[in-house]
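J.: coordinates for the following, if possible.
(one chain, ligands or ions: 2)
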Amino acid sequence: MFKSWEELENSIKDCKKCKLCEGRQNIVFGVGNKDAKIIFIGEGPGADEDRLGEPFVGKAGKLMNFAFQTLGINRQEVYIGNVVKCRPPKNRDPQEDEVNACIDYLRNQVMLIKPQVIVLLGRIALQNILGQEYKISEARGKWIEKKGIYYMPTWHPAALLRDEKKKIDFIKDLQKVLSFNFK
Ligand code: URA
Ligand code: SF4
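T.: Ligands and ions are numbered 1, 2, ... in the order given. Below you'll find the predicted structure:
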């Protein structure tokens, strides 16, 4: 684990630790406030993210931004990252070897930020961070505390595009996050 952002960011440059390096245009490291109280974690870059090098800037990201605006969450105030930092081909799920190769970067980001709350966006983030035994449909909307960090699993923003009911759940889950008793 690196103790500074500079060392961490240098360590990921030209990363070839897994096969996702082969098809990528950009490593999508993460964006936002390095002192954030809240981190949002998605799955991995899609086509727009790969092209622009920033997480959640495509269709799902626009919907997430809209929810943020509605709730008064500022993208600059929070931190946004992903489980894997290079785009899986055709947006397939990241595979176990890819997650294993990449997840230490995310762990290091969390270690440096020291958030109070982590929002897990969808099944891939939930299962790879808290454990494969969790089901997103059961875990979403409920706080899970581990080692002093409070986790809020919710739907992945892309799922909201297909299901209106999930939009309401998503807003409710983020309202819970906003009413967290931050120190
Ligand atoms: N979906 C994700 O999981 N992450 C992104 O950054 C964009 C879409
Ligand atoms: Fe490296 Fe992660 Fe990209 Fe794989 S996905 S090449 S581990 S940065």
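J.: and this structure, which of its residues are near ligand 1?
T.: G42, E43, G44, P45, G46, E49, P55, F56, G58, A60, G61, N82 (CB under 6 Å from any ligand atom). In short, each C-beta sits where N, CA and C put it, glycine included.
J.: number of residues surrounding the fifth one?
T.: In terms of burial, G46 registers 22 neighbours under the definition other CB atoms under 10 Å.
J.: count of residues packed around W143?
T.: Residues near W143, counting by other CB under 10 Å, number 12.
J.: so which bits of this protein are right by ligand 2?
T.: Within reach of ligand 2 by CB under 6 Å from any ligand atom, the chain has these residues: 12, 15-18, 20-21, 27, 84-86, 98, 101-102.
J.: show me those residues that map onto helices.
T.: Here DSSP state H is the test, and these give I12, E98, A101, C102 as lying in helices.
J.: average pLDDT across stretch 11-18?
T.: Average pLDDT, stretch 11-18: 98.
J.: for that stretch, which positions count as buried?
T.: By neighbour count on 16 or more other CB atoms under 10 Å, the buried set for stretch 11-18 is C15, K17, C18.
J.: pull the contacting residues for the second one.
T.: Listed by CB atoms under 8 Å, 6 or more residues apart in numbering, the contact partners of K17 are A101, C102.
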